[in-house]
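K.L.:
Got a sequence here, can you build the structure:
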Amino acid sequence: MAGTAREIGKEYPPEGEGAAIDQLRGLHLKVHQAQPGPSHRGEHPKQHAGLWATFRVNDGIPADMQVGLFATPRSYTALVRFSNGRGQDDTKPEVHAMAVKVLVPDGNGPPHIQDFIVADHPVFFARNVEHVFGFLAATVKGTPVAQLAATDYPQLAHFSSLASTSLLAMTYWSQTPYKLGDGAVKYLVSPSLDDESPVLALGHSPDCLREALVEQLTLRKVGACFDLCVNPQTDAETMPIEDPTVEWTSAPVRLATIAIYPQKFDAPEQMAFFDNLSWNPWNTLPEHVPLGGINRARRHVYEDSAALRHKTTGLAPVIPTGRESF
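P.N.:
Numbers count the residues shown, from 1 in each chain. Prediction:
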């Protein structure tokens, strides 16, 4: 591969990656199987809210991006889950994530699913699968994250942040790339310019982020609107597919809006329903398949985690229909 120019939208798996993924899957399962009681979600276990929304594909999208979900301007039912990466205390630095599940009708059968998983940091903390394995192995041995950030994982120094505003006012990135047409993109989800979300001061409760969602969506009955944009890969060398620690800074292109309408969402049945759902970047239409080594590993690691969780909780996997009520 040396001396060969890389191509836009093309993957370049490193030699031995399959074995590295198997090694990572084994250690990841071992860590979660060691937990007492029912297995919790392997990634982003603290759920702030599970919400209903409308996903609207915009008109006027560039022709080369009018594929798959974005082929035609129309609206879809969507489910949105906000969560923390690890910690349970919202007043501590944490990774905050937004997962969007778009339900694409398919005649009389269950809908096709398109998941978008984004977090409040523009890049991932590890370069490739072996790099992730090294991090997990070090933390299992008790190496402090701060020590890892000071050595081989510099992105960890900024990966977690203290929430200073409501989850509805944050910007989120996919960090990893995805196929779109003949090229590749990373997703960017940010509050719309015409969003009318109030400016809310966060409290000091460990659940202050959920409480802010209740304040806006339930008590004040004010919705929130996000733009889903993409940063297209315009240079295969400076915007690599295989290294998600590199930020893509191409001009964003707006493809859709995500409108979260006012609602009451904290009924135990609704919270349990959303918590039982599986979110995976490989829940996708074929036109938007994930790209890069981290995503290739996620396909199996997320499936392993979901299978363990459903087995230990005794709850069967659920495919939402959009007609649920609580």
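
K.L.:
For the nearest residue to residue 192 once chain neighbours are set aside, the count of nearby residues, please.
P.N.:
Leaving aside its sequence neighbours, residue 192 sits nearest to residue 225 (CB to CB, 6 or more residues apart in numbering; 4.2 Å). In short, each C-beta sits where N, CA and C put it, glycine included. Using other CB atoms under 10 Å, residue 225 has 20 other residues around it.

K.L.:
34 is where my numbering starts, stick with that
P.N.:
Right, with 34 as the first residue, what we last looked at is residue 258.

K.L.:
any idea how far residue 258 is from residue 174?
P.N.:
As judged by CB to CB, to the nearest Å, residue 258 and residue 174 stand 45 Å apart.

K.L.:
How about residue 318?
P.N.:
Residue 318 is 40 Å from residue 174, by CB to CB.

K.L.:
thought residue 303 was touching residue 359?
P.N.:
Yes: contact criterion CB atoms under 8 Å: residue 303 and residue 359 qualify, at 4.0 Å.

K.L.:
Can you show me the strands along the chain?
P.N.:
In the chain, the strands defined using DSSP state E lie at 79-90, 108-117, 129-137, 145-152, 205-206, 211-213, 216-224, 257-265, 286-293.

K.L.:
Excluding its own residues, what touches the shortest one? List them.
P.N.:
If I follow you right, that is strand 205-206. Contact partners of strand 205-206, identified using CB atoms under 8 Å, 6 or more residues apart in numbering, comprise 129-131, 151-156, 219-223.

K.L.:
JSON lines please, covering those and showing pLDDT.
P.N.:
Formatted as JSON lines, these follow (pLDDT from 0 to 100):
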{"residue": "129", "pLDDT": "97"}
{"residue": "130", "pLDDT": "97"}
{"residue": "131", "pLDDT": "98"}
{"residue": "151", "pLDDT": "98"}
{"residue": "152", "pLDDT": "97"}
{"residue": "153", "pLDDT": "97"}
{"residue": "154", "pLDDT": "96"}
{"residue": "155", "pLDDT": "97"}
{"residue": "156", "pLDDT": "98"}
{"residue": "219", "pLDDT": "98"}
{"residue": "220", "pLDDT": "98"}
{"residue": "221", "pLDDT": "98"}
{"residue": "222", "pLDDT": "98"}
{"residue": "223", "pLDDT": "97"}
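
K.L.:
Of those, which is the most crowded?
P.N.:
When neighbours are counted by other CB under 10 Å, residue 219 leads the contacts of strand 205-206 with 26 neighbours.

K.L.:
is that one in a bridge, and if so with what?
P.N.:
Following DSSP bridges, residue 219 is listed with bridge partners residue 264.

K.L.:
Does it touch residue 157 like I think?
P.N.:
No: using CB under 8 Å as the test, residue 219 is too far from residue 157 to be in contact (10.5 Å).

K.L.:
Now do the shared contacts for those two.
P.N.:
Joint contacts of residue 219 and residue 157 (CB under 8 Å, 6+ apart) are 208, 209.

K.L.:
rewinding a little: so for residue 318 and residue 174, which residue has more residues nearby?
P.N.:
residue 318 (17 against 7).

K.L.:
For the stretch 34-183 of the chain, which segments count as helices?
P.N.:
Along the stretch 34-183 of the chain, counting by DSSP state H, counting those that start in this stretch, helices occupy 50-66, 162-173, 178-182.

K.L.:
Comparing those, which stretch has the densest surroundings?
P.N.:
helix 162-173 (a mean of 18; mean count of other CB atoms under 10 Å).

K.L.:
Can you dump the C-alpha atoms of that one in PDB for me?
P.N.:
Extracted in PDB, the C-alpha atoms of helix 162-173 (Å, rounded to 0.1, in the frame of the first residue of the first chain):
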ATOM      1  CA  VAL A 162      -9.200  -1.800  17.100                       C
ATOM      2  CA  GLU A 163      -5.800  -2.700  18.700                       C
ATOM      3  CA  HIS A 164      -5.700   0.800  20.300                       C
ATOM      4  CA  VAL A 165      -9.200   0.200  21.800                       C
ATOM      5  CA  PHE A 166      -8.100  -3.200  23.100                       C
ATOM      6  CA  GLY A 167      -5.000  -1.700  24.700                       C
ATOM      7  CA  PHE A 168      -7.200   0.900  26.500                       C
ATOM      8  CA  LEU A 169      -9.600  -1.700  27.800                       C
ATOM      9  CA  ALA A 170      -6.800  -4.000  28.900                       C
ATOM     10  CA  ALA A 171      -5.100  -1.200  30.800                       C
ATOM     11  CA  THR A 172      -8.300  -0.100  32.600                       C
ATOM     12  CA  VAL A 173      -9.000  -3.700  33.600                       C
END
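
K.L.:
Fine by me, we can end here.
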